[in-house]
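1. one predicted model, sequence on top.
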Amino acid sequence: MRQAGTYSGLLCGGISGKTGPHLLPLARIKKIMKRSGDDVKMISGEAPIVFSKACEMFIEELSQRSWMVTMRGKRRKLNKEDVTSAVLATDIFDFLVNLVSDSSEATPSEMDTFKSS
């Protein structure tokens with residue numbers, strides 16, 4: 001029988017206490033990583049796993065902050081404007097501001113409410 005490796009906890013979602021496969025396809029992540037530059041020839045087996053977990057955490061954080069904006073608006077449907085407001089109100093998402101700046105702007109009260117410390 002095969003022994004569990006060092007990263008077996010990551011492979012089955014053991015860090016967060018969840019079990020099962022990754023939510024994002026590792027082969028697709030590896031393909032994107034290879035296309036990122038001409039100097040990228042080989043990628044270790046652990047790298048796509050770490051990227052997958054990081055992407056999952058990023059999506060979860062952005063979704064939670066967007067949902068908070070939705071709830072403050074007393075709505076039950078998440079809109080593009082809610083995501084825009086969450087991005088504009090959170091310092092850690094500053095790298096996304098150029099992508100959402102063409103969309104509607106957040107109100108000043110939303111900006112103050114969700115400033116990260």
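-> Sure thing, it's come through.
2. buried ones in the one helix or strand Lys31 maps to?
-> Using DSSP states H and E, Lys31 sits within helix 26-34. Residues of helix 26-34 classed as buried: 26, 29-30 (neighbour count, 16 or more other C-beta atoms under 10 Å). For the C-beta atoms, the positions are set from N, CA and C on the backbone; glycine is no exception.
3. between those residues, which is nearest Val69?
-> Set against Val69, the nearest of the buried residues of helix 26-34 by C-beta to C-beta is Ile29 (28.6 Å).
4. for the residue lying closest to His22 once chain neighbours are set aside, what are phi and psi?
-> Using C-beta to C-beta, 6 or more residues apart in numbering and skipping the chain neighbours, the partner closest in space to His22 is Ser52 (4.7 Å). Main-chain dihedrals, Ser52, degrees, to the nearest 10: phi -60, psi -50.
5. and Ser52, how far from Ser66?
-> Applying C-beta to C-beta, to the nearest Å, the value for Ser52 to Ser66 is 21 Å.
6. ok, now Ile92?
-> Using C-beta to C-beta, we find Ile92 at a distance of 14 Å from Ser66.
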